[in-house]
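In: only the shape, not the letters, is given here:
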C-alpha cells in the first residue's frame with residue numbers, strides 16, 4: 001500500500017507539472033500524464049500539490065476529477081472485454097462470464113480507483129483489441145464505412161497505448177501479427193487481383209503505421225509545447241534542449257558560436273544526468289593513484305567547472321587583443337587549463353580511483369606548464385578534419401595523445417574524500433558511449449561576436465529522438481478466436497520474465513485482461529463440450545446453465561470475501577490471528 005501511495009502522489013504531481021507548465025522527466029511517454037493533468041485542470045485542480053516526500057497527504061487538494069477520470073476509463077474495460085469475447089466466440093454466456101470476472105475482480109477495482117497510468121493504458125489496449133476484432137468481422141465487406149472506422153480506430157488506440165507506456169508496444173505486436181495473417185490470407189486468395197491486394201496493404205499501412213506514428217509524434221509536440229518552463233527534468237537532457245526552457249540558465253543566453261583558442265568553456269558529459277568537467281584544489285588521497293589534483297564531474301554550475309582551451313605547443317597569451325583569433329578544429333591537439341587552479345587536464349597509466357582498468361585523470365602542472373600527458377586530441381562526432389566546433393551542438397571526444405584512452409565519466413560516486421562527486425576516468429576501451437562524449441555549454445571569449453542560443457535550438461525530430469533515448473536508457477526498458485487472446489496474453493506476460501528491473505502487481509494487469517477473456521471463452525467451451533455428451537437437449541441446457549450459474553456465484557462469493565482489499569479494511573494485518581482477514585490469507589506469501 002505504501003508503494004502504491006507513492007506512485008499515486010507521483011502522478012498527481014505530474015498532473016500539477018502540466019498545469020504549471022513545468023518541465024519534468026519520466027520513463028514513460030507523455031499521453032497518460034497529459035490526460036491526468038487535463039482532467040485535473042477541467043475539474044478545478046490548481047496544480048499546487050508540492051510532493052515533498054513519499055507519503056504526503058493530498059486530501060486537501062481537488063483530486064476527485066483525476067480519480068474519477070481514471071475510474072471511468074477502468075470501468076470501460078468491462079464492456080470492451082465483453083464485446084471482444086462476444087465478437088470472437090459468438091457466445092453470450094462466454095462474454096457475460098468474462099464481464100463478471102472483471103466486474104468483481106478486486107485487483108481491477110483497486111487499480112481503477114487511483115490516479116495511475118494503468119487504467120489509461122488498459123483502456124487503449126482493450127480499445128485496440130476490440131477494434132482489431134471488429135475490423136476482422138468486417139472482412140466480408142472491405143473498404144466499407146464500418147471497415148474503415150474500425151481499422152482507423154485500431155490505429156488511434158495503438159497510438160494511445162504507446163503514448164501511455166512502452167508496454168503498449170506488446171499490443172502493437174499483437175495487431176501486427178494479426179495484420180500479417182490477414183494479408184497472407186488475402187495474398188492466397190486467387191480471386192483477388194494484385195490491385196485490390198495493394199489497396200488492402202496501403203489501407204493497413206496508412207491506418208496502422210502512418211496514423212499511429214503521426215498521433216504519437218503529435219503527443220510529444222503537445223508535451224514539449226506545454227512544458228516550456230524549467231523544472232526538475234532539465235538535467236536529464238542536453239544543453240541544447242535546456243536552452244529552450246524558460247527559467248533555465250541557458251535560456252535567452254548569447255555566446256560565441258565556434259570555439260577558439262583562449263576561450264573559457266564548461267564541458268558537460270552526455271551521459272544521462274551527466275555532470276560538468278570539474279576540478280578543485282583537493283588532491284587524491286594516498287594510495288589512490290598519483291597524489292595530484294582531483295578531476296571529477298560535478299552536477300551543478302560552479303566556477304570550478306571553467307577551463308581554458310590552449311594550444312598544446314604554445315604558451316602565447318591568447319587573450320591579448322593584438323593576437324588574431326584562431327578557431328579550434330576537429331582533430332586539433334589541445335591543452336585544457338583549469339581556470340581557478342591553473343592545472344592542466346592530465347592522464348597517465350595509474351589506475352582510476354573506482355573503475356578498474358581505466359586510467360586516472362588529474363590536474364597537473366604549475367601555471368599551465370606541465371608535460372606531454374596534458375595533450376588531448378579533440379574530435380567531433382560525425383565531422384571531418386578541419387571542421388569548426390560549435391557550442392552546445394557539437395558532440396566531442398577527447399582522446400589522450402600519450403595513452404590513446406578517451407576522457408569519460410563512469411557515473412560512479414566518489415567517497416567523501418572526492419566530495420561525493422562523480423568519477424572521471426580515461427578509458428582505454430574505445431567503444432563510443434554517452435559516457436565518453438561531451439559538449440561545450442558555457443563559452444566566454446571577448447574577441448568573438450555572440451549569438452543567441454536560440455539559433456542553435458534542436459529541431460523537433462532531434463528533441464523527439466533525444467527524449468526517447470533518455471527514456472530507453474533509464475528504463476533498461478494460432479487460432480483465430482482463442483488464439484488471438486492467448487497470443488495477447490503471452491505477449492503481455494512472458495516479456496516481464498526477461499526484464500531486469502523491479503516489477504509491481506500493476507505491470508501484470510494488461511496480461512490479466514487477456515487471461516480473463518480467455519477464461520470466459522475456455523469455460524464456455526468446456527461447459528458446451530460437457531453438455532454435448534448429454535441428452536435430451538433439455539438436460540444438456542440445464543447442465544450448461546447450472547455450470548455457468550455456479551461459476552457466476554463463485555465469482556460473486558470470491559468478491560464478497562475479498563472486497564475489503566478494494567475498499568479498505570480495519571484491524572491488524574492479516575498475519576495477526578486476531579485480524580478479521582486472517583482466515584483469507586490462504587498462502588504464506590500473501591501480505592495484506
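Out: Happy to help now that I have it. Quantities reported herein were computed from a predicted structural model and do not represent experimental measurements.
In: I'd guessed residue 131 sits against residue 159; true?
Out: No - at 11.9 Å, residue 131 does not count as touching residue 159 under the criterion of Cβ atoms under 8 Å. Every residue, glycine included, has its C-beta placed from N, CA and C.
In: now do the shared contacts for those two.
Out: Counting by Cβ atoms under 8 Å, 6 or more residues apart in numbering, no residue touches both residue 131 and residue 159.
In: so how far is residue 234 from residue 48?
Out: Separation of residue 48 from residue 234 (Cβ to Cβ, to the nearest Å): 21 Å.
In: kindly report the same for residue 449.
Out: 28 Å.
In: neighbour count winner among the two?
Out: Applying other Cβ atoms under 10 Å to residue 449 and residue 234 shows that residue 234 carries more neighbours, namely 20 against 8.
In: so what's that one closest to, chain neighbours aside?
Out: residue 242 (5.1 Å; Cβ to Cβ, 6 or more residues apart in numbering).
In: got the phi and psi for the one you found?
Out: phi -60, psi -30 (degrees, to the nearest 10).
In: for it, give its distance to residue 274.
Out: Distance from residue 242 to residue 274, by Cβ to Cβ: 12 Å.
In: next, the nearest residue to residue 291 once chain neighbours are set aside: phi, psi?
Out: The shortest distance from residue 291 to any non-neighbouring residue, by Cβ to Cβ, 6+ apart, is to residue 283 (5.4 Å). Reported as degrees, to the nearest 10, the phi and psi values for residue 283 are phi -100, psi 160.
In: so who does residue 283 touch?
Out: Residue 283 neighbours (Cβ under 8 Å, 6+ apart): 291-294.
In: and the strands in the stretch 251-400 of the chain, which stretches?
Out: 254-256, 264-269, 276-283, 293-298, 307-311, 333-338, 344-351, 359-364, 376-380, 396-400 (DSSP state E, counting those that start in this stretch).
In: wait, residue 86 touches residue 95, no?
Out: Yes - Residue 86 is in contact with residue 95 according to Cβ under 8 Å; the separation is 3.8 Å.
In: who's more crowded, those two?
Out: Using other Cβ under 10 Å as the criterion, residue 86 and residue 95 rank with residue 95 on top: 24 against 19.
In: any idea how far residue 207 lies from residue 182?
Out: 13 Å.
In: pick out whichever of those two has more residues nearby.
Out: Under the neighbour definition other Cβ under 10 Å, residue 207 and residue 182 were set side by side, and residue 207 has more, 21 against 16.
In: residues making contact with the one helix or strand residue 86 maps to?
Out: Using DSSP states H and E, residue 86 falls within helix 77-89. Applying Cβ under 8 Å, 6+ apart, the external contacts of helix 77-89 come out as 91-92, 94-96, 98-99, 102-103, 108, 112, 119, 122-123, 126-127, 129-130, 133-134, 137, 480-482, 484-485, 513, 516-517, 520-521, 524.
In: mind listing what's buried along that helix?
Out: 77-78, 80-89 (16 or more other Cβ atoms under 10 Å).
In: which stretches in the stretch 451-592 of the chain count as strands?
Out: According to DSSP E, counting those that start in this stretch, the stretch 451-592 of the chain contains no strands.
In: which parts of it are helices?
Out: 460-475, 481-493, 509-531, 537-562, 564-567 (DSSP state H, counting those that start in this stretch).
In: next, the angle from the fourth one to helix 509-531.
Out: Just to be clear, that refers to helix 537-562. 150 degrees (axes from the mean of the first three to the mean of the last three Cα atoms, to 10 degrees).
In: tell me what helix 537-562 is packed against?
Out: helix 92-103, helix 509-531 (3 or more Cβ pairs under 8 Å, 6 or more residues apart in numbering; DSSP states H and E).
In: identify the contacts common to residue 207 and residue 182.
Out: Contacts common to residue 207 and residue 182, judged by Cβ under 8 Å, 6+ apart, are absent.
In: circling back to that earlier point, tell me who's in contact with the residue nearest to residue 234.
Out: 230, 234, 248, 250-251 are the contacts of residue 242 under Cβ under 8 Å, 6+ apart.
In: spit out the contact partners of residue 367.
Out: Applying Cβ under 8 Å, 6+ apart, the residues near residue 367 are residue 342.
In: wait, residue 388 sits on residue 326?
Out: No - Residue 388 is beyond contact range of residue 326, at 11.1 Å (criterion: Cβ under 8 Å).
In: what touches both of these two?
Out: In contact with both residue 388 and residue 326: no residue, using Cβ under 8 Å, 6+ apart.
In: what's the pLDDT at the nearest residue to residue 329 once chain neighbours are set aside?
Out: Among residues not flanking residue 329 along the chain, residue 386 sits closest, at 5.2 Å (Cβ to Cβ, 6+ apart). pLDDT for residue 386: 78.
In: also residue 119?
Out: Model confidence at residue 119 (pLDDT) stands at 92.
In: buried subset of the contacts of helix 77-89, written for ChimeraX?
Out: Applying 16+ other Cβ under 10 Å to the contacts of helix 77-89, the buried members can be selected in ChimeraX as follows:
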select :91,94,95,96,98,99,102,103,108,112,119,122,123,126,127,129,130,133,134,481,482,484,485,513,516,517,520,521,524
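In: wait, residue 252 touches residue 455, no?
Out: No - Residue 252 sits out of contact with residue 455 when judged by Cβ under 8 Å, with a separation of 11.9 Å.
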